[in-house]
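Student: Quick one, structure for this:
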Amino acid sequence: MEEPLYDEEMGPVIGKLDPDNLSDFSDTELIPKIENVVSSMVGIYRTKCHELQTVPISVFLDQMNEPIINLKHYGLNALDVEALTHVLSSVEHISQIFLDGNHIGKKGADCVANLIQTHPNLNLISLSQCNLLDSDEMSLNHTWHGELSMQEIIGKDGKVRKKRQPKPLDNSLLRTIATDTNLQTVCMSSNDITDRLGAFFFKSASENRSIKVLEMSNNKLSFYTAAALMEFLATNTSLNTLNLHGNNFGIMNSMEHIGTGLSNNSTIEYLDLSENNIKDEHVVRLFHHLNGSGTLRVLNLTGNKLKMADWRPYENYFANGCRLEELQLRYNELSSQSISNLMCALVKHPDLRLTLLDLRNACVVGAKLTEPGREAYDELSQLFKILVDDSIL
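Tutor: Modelled structure (predicted):
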């Protein structure tokens with residue numbers, strides 16, 4: 001079986017080096033060339049730091065010979081990033097950059113966008129907790145196109161009138177990432193990306209065929225993002241892992257949009273929808289659109305508001321030969337009857353591909369398996385791993 005996309009302790013696995021991408025760097029004939037490039041770039045970097053009146057980052061200098069730049073939580077600001085990206089655009093052997101936990105702001109984000117546009121070999125960019133938006137962008141969540149401007153319009157009577165006209169919404173970093181043809185792994189978690197900007201990103205990425213791993217957890221994504229995501233998933237042929245943990249897709253038709261997109265997608269294997277305020281009526285719509293021929297292997301619904309009193313909508317999904325291998329249902333609100341119904345429904349399908357069902361802390365206080373549920377649990381636990389609290393047995 002393929003290596004799992006989800007680690008129980010660390011969550012979704014991203015940023016792993018692909019040995020094929022690093023094969024060139026192991027060639028001893030290239031090492032002197034890389035060192036010569038780095039030597040010349042060090043002087044340019046120091047000069048740029050002096051110009052911007054910022055201190056050179058010694059750790060960065062130490063890493064310039066490597067294919068990975070890891071500057072997580074180094075207290076970098078926009079000027080530091082401007083100096084870094086000024087040099088990195090010419091250091092072609094670098095393929096992965098981690099800037100998580102640095103408050104680089106909108107100006108720093110624009111510098112990163114320029115780097116992505118000019119660097120020929122960058123395949124991973126990680127920008128979690130980087131304050132990528134300015135205050136104006138963060139306030140655009142209530143107006144679809146952003147702030148309003150006045151536009152003169154000539155009426156049928158020939159008179160000129162002024163009409164409030166929305167300005168087109170844009171963000172250089174999101175647009176650049178969405179349209180880049182080299183990036184394969186992108187992490188933009190915990191940046192307060194608004195629902196409108198999330199929709200803008202996925203609409204801009206309509207023709208993207210390179211991103212394989214996308215992390216947008218702990219932002220402010222919701223209904224509009226889900227609608228744009230539906231269209232993106234229907235045409236995308238590269239995305240394998242999508243982490244949307246900690247957003248708000250449990251409203252309106254968000255789950256139906258995501259389910260529709262997944263039903264037309266042939267590549268995605270890992271989906272994290274944990275802590276999204278999802279209730280039964282929402283997740284039923286998701287499972288309604290999922291079909292047995294889909295590629296989804298790992299589904300994380302941890303920390304929502306699922307009761308699953310009626311298991312029939314889910315049973316239809318499992319009855320169609322689904323490929324799901326891991327189902328995470330931790331920290332929900334299942335009752336004694338609902339968890340028993342779950343076990344009794346699953347035992348009807350011994351051909352399931354499930355290897356892990358995680359139900360720890362999934363039940364309300366005092367819940368216990370009924371006798372039929374316990375019998376089904378005993379039988380299923382011989383087929384795959386089931387994690388439950390001892391109190392429900």
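
Student: distance between stretch 235-243 and the chain's centre?
Tutor: In terms of Cα atoms, centre = their mean, to the nearest Å, the centre of stretch 235-243 is found 10 Å from the chain centre.

Student: ok, and for it, which residues are buried?
Tutor: N236, L239, N240, T241, L242, N243 (16 or more other Cβ atoms under 10 Å). For glycine as for every other residue, the C-beta is placed from the backbone atoms N, C-alpha and C.

Student: lowest-pLDDT helix or strand in this structure?
Tutor: helix 19-22 (a mean of 42; mean pLDDT, DSSP states H and E).

Student: Now name the helix or strand holding the residue nearest to L306 when sequence neighbours are not counted.
Tutor: Leaving out its chain neighbours, the residue that sits closest to L306 by Cβ to Cβ, 6 or more residues apart in numbering is N332, at 4.2 Å. When secondary structure is defined by DSSP states H and E, N332 falls outside every helix and strand.

Student: Roughly how far does N332 sit from L387?
Tutor: 14 Å (Cβ to Cβ, to the nearest Å).

Student: the more surrounded of those two?
Tutor: Legend: neighbour count by other Cβ atoms under 10 Å for N332 and L387, higher for N332 (24 against 15).

Student: Tell me the pLDDT of the more buried one.
Tutor: As predicted, N332 sits at a pLDDT of 95.

Student: ok, S189 to M216 distance?
Tutor: 6 Å.

Student: Can you pull the residues that touch both of those two?
Tutor: N243 (Cβ atoms under 8 Å, 6 or more residues apart in numbering).

Student: Compare neighbour counts for the two and give me the winner.
Tutor: Taking other Cβ under 10 Å, S189 and M216 do not tie; M216 has more neighbours (26 against 21).

Student: what's that one in contact with, if anything?
Tutor: M188, S189, I193, G198, N243, L244, N247.

Student: count of residues packed around the last one?
Tutor: The number of residues packed around N247, counting by other Cβ under 10 Å, is 25.

Student: And for it, nearest residue in space, chain neighbours not counted?
Tutor: L221 is the one closest to N247 (Cβ to Cβ, 6+ apart), at 4.1 Å.

Student: What score does the one you found have for pLDDT?
Tutor: pLDDT, read off for L221, is 96.

Student: so who does it touch?
Tutor: The contact partners of L221, taken as Cβ under 8 Å, 6+ apart, are I193, D195, G198, L244, N247, N248, F249.

Student: before we move on, what SS does L214 have?
Tutor: strand (DSSP: H, G, I helix; E, B strand; the rest coil).

Student: what is it paired to in the beta sheet?
Tutor: Per DSSP bridges, the residues bridged to L214 are V186, L242.

Student: any idea how far S238 is from it?
Tutor: Using Cβ to Cβ, L214 is found at 10 Å from S238.

Student: same question, K220
Tutor: Taking Cβ to Cβ, one finds K220 at 25 Å from S238.

Student: swap in L271?
Tutor: Applying Cβ to Cβ to L271 and S238 gives a distance of 15 Å.

Student: what comes up buried for stretch 202-209?
Tutor: F202, K203, S204, A205, N208.

Student: can you list these in CSV and add distance to P67 and secondary structure?
Tutor: Shown next, in CSV, are the buried residues of stretch 202-209 (distance: Cβ to Cβ, whole Å; DSSP: H, G, I helix; E, B strand; the rest coil):
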residue, distance to P67, secondary structure
F202, 29, helix
K203, 32, helix
S204, 28, helix
A205, 25, coil
N208, 23, coil
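
Student: what's the closest of these to R374?
Tutor: Nearest to R374 among those, counting by Cβ to Cβ, is F202 at 44.3 Å.
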